[in-house]
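Chemist: Below is the sequence, then the predicted model.
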Amino acid sequence: MRLRLLLLALGTFAVGTDGMVIAGILPLVSDDLDVSVSAAGQMITVFALAYAVLAPVLATATAKWSRLHTLLTALAVFTAANALSALAPDFGLLLATRVLAAVGAALYTPTANAVATALVPPERRGRAIATVMGGLTVATALGVPLGTWIGRTDWRLTMWLVTALGAAAFAGVGLMLRGLPAPQPSPGLRARLAPLTNTRVLGATATTFLVFLAAQTVFIYYTVAAAPATHGDQSRLTLLLLVSGVFSVAGSSLGGRVVDRWGPRVVILTAGTVSAAVSLALPWLMQSMTTALIASALNPLAGWAVAVALPARLVSLDPPSAPLLLSLNSSALYLGVAAAGGTGSAAIAVLGERLFPFTSTALMLCAVALAAATTRRAVAPSTRGARSAFVLTKS
């Protein structure tokens, strides 16, 4: 069982590396294809927006497919798209391949999370999701610096690395994940899209959007926030990012365990408040390397615990509809990422380079308030499997 979850995580590692490593190779893409760095940055935007729009559409369109077929199709499209990115002769075609890669990613990640929850008993769903989400956190800690280093002279080598990761995940899933639990009988299109009008689902997805908007508003401009501590020293910045990546993995693992023990609501409210407090203190914590290292540990530790609780909350609403619900969570996540670049830029313009993390604090507190308003504790039954149960109420 553990091996199956780790193979699913290999796929999310590939997807996470693909989505985040682009930031490290933008100058090389700019020079090679004769576009500005800001134009090259649209590679990130089109990927995130395509993912956000397509995730629920693809979940609905592939509802009757076997889960193994869905996973393999997603990884095949994702791998082929990255190979085409590596071969793209001009920027226009490169953008098109990023949209195609988003198709594969948008189909894979929600399905992988849904498969993970089906492979384990209800009381272990949080840890199963944490394992699969761990692929994204390991991508932050390992995949991004590795991909950036490999592509330091030729950005196309980075895309070949992602292609190889996708191919490895395809082979592993194809060999080891046969005999997956069959999906639930597929309802009609109207019934499948019903969650889109459910206020409980909308509250959960809006919380996801706000959480990732808050987190990415700082992370995208982490170099700016950390400048007083690093003084422009790349080795210092690398150390901070490494610590951040390591504690992202720890936060994901911890989040899965506490979700199973206390439920998603407690984790979202507690860890979200901690994350908001760290963001509030960032203008002072980033004044020295010692305190910057503390902030680089605490923020991802709390943030990734919340990130695990968010999909667990959605799955608990209607487990048979997990693929669609998780696709909505992924859409909200990537919409938050796509919007964070503009939000962070505006925050820097208004508040300045030191105080712009206050925007992240405000957004995270909004997310916590929304989660508090749309969730309440259930009367806990005596069974162990009910420890992560909770009831959602309309706000």
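Modeler: Right, received. Where do you want to start? Numbers count the residues shown, from 1 in each chain.
Chemist: For Ile129, which residues are in contact?
Modeler: 113, 116-117, 256, 259, 308, 311-312, 315 (CB atoms under 8 Å, 6 or more residues apart in numbering). Using the backbone N, CA and C atoms, a C-beta is placed for each residue, glycine as well.
Chemist: do that again at 6 Å, thanks
Modeler: With contact taken as CB atoms under 6 Å, 6 or more residues apart in numbering, Ile129 is in contact with 113, 116, 308, 311-312.
Chemist: Go ahead and report the secondary structure state at Val35.
Modeler: Under DSSP: H, G, I helix; E, B strand; the rest coil, Val35 falls in the coil class.
Chemist: re earlier: now tabulate the contacts of Ile129 in a markdown table and tack on secondary structure.
Modeler: Below are the contacts of Ile129 laid out as a markdown table (three-state DSSP):
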| residue | secondary structure |
| --- | --- |
| Asn113 | helix |
| Ala116 | helix |
| Val308 | helix |
| Pro311 | helix |
| Ala312 | helix |
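Chemist: Domain map for the chain?
Modeler: 1-183, 191-395 (automatic domain parsing).
Chemist: any idea how far Ala55 lies from Gly263?
Modeler: Ala55 sits at a distance of 25 Å from Gly263 (criterion: CB to CB, to the nearest Å).
Chemist: who has more neighbours, those two?
Modeler: Applying other CB atoms under 10 Å to Ala55 and Gly263 shows that Ala55 carries more neighbours, namely 29 against 24.
Chemist: Check the average confidence over the strand or helix carrying that one, would you?
Modeler: Taking DSSP states H and E as the criterion, Ala55 maps to helix 42-61. Confidence for helix 42-61, expressed as mean pLDDT, is 84.
Chemist: quick one: contacts of the very next helix or strand once past it?
Modeler: Beyond helix 42-61 in the direction of the C-terminus, DSSP H and E gives the next helix or strand as helix 67-87. Residues outside helix 67-87 that contact it (CB under 6 Å, 6+ apart) are 62, 97, 100-101, 103-105, 107-108, 111, 115, 156, 159-160, 162-163, 166-167, 169-170, 173-174, 177, 180, 183.
Chemist: Helix 67-87: how far from the chain's middle?
Modeler: A distance of 18 Å separates the centroid of the chain from that of helix 67-87, by CA atoms, centre = their mean, to the nearest Å.
Chemist: do stretch 51-64 as well
Modeler: Here the centre of stretch 51-64 is set off from its chain's centre by 17 Å, with CA atoms, centre = their mean.
Chemist: Check stretch 284-302 too.
Modeler: 21 Å.
Chemist: repeat for stretch 245-264
Modeler: Between the centre of stretch 245-264 and the centre of its host chain there is 14 Å, according to CA atoms, centre = their mean.
Chemist: do the same with stretch 125-142
Modeler: Distance, stretch centre to chain centre, for stretch 125-142: 9 Å (CA atoms, centre = their mean).
Chemist: how about the strands of the stretch 201-350 of the chain, start to end?
Modeler: Using DSSP state E, counting those that start in this stretch, the stretch 201-350 of the chain contains no strands.
Chemist: pLDDT weak spots in it?
Modeler: Flagging of the stretch 201-350 of the chain using pLDDT under 70 yields the residue ranges 234.
Chemist: what ranges do the helices span in it?
Modeler: Using DSSP state H, counting those that start in this stretch, the helices found in the stretch 201-350 of the chain span residues 222-230, 234-262, 264-285, 289-317, 322-355.
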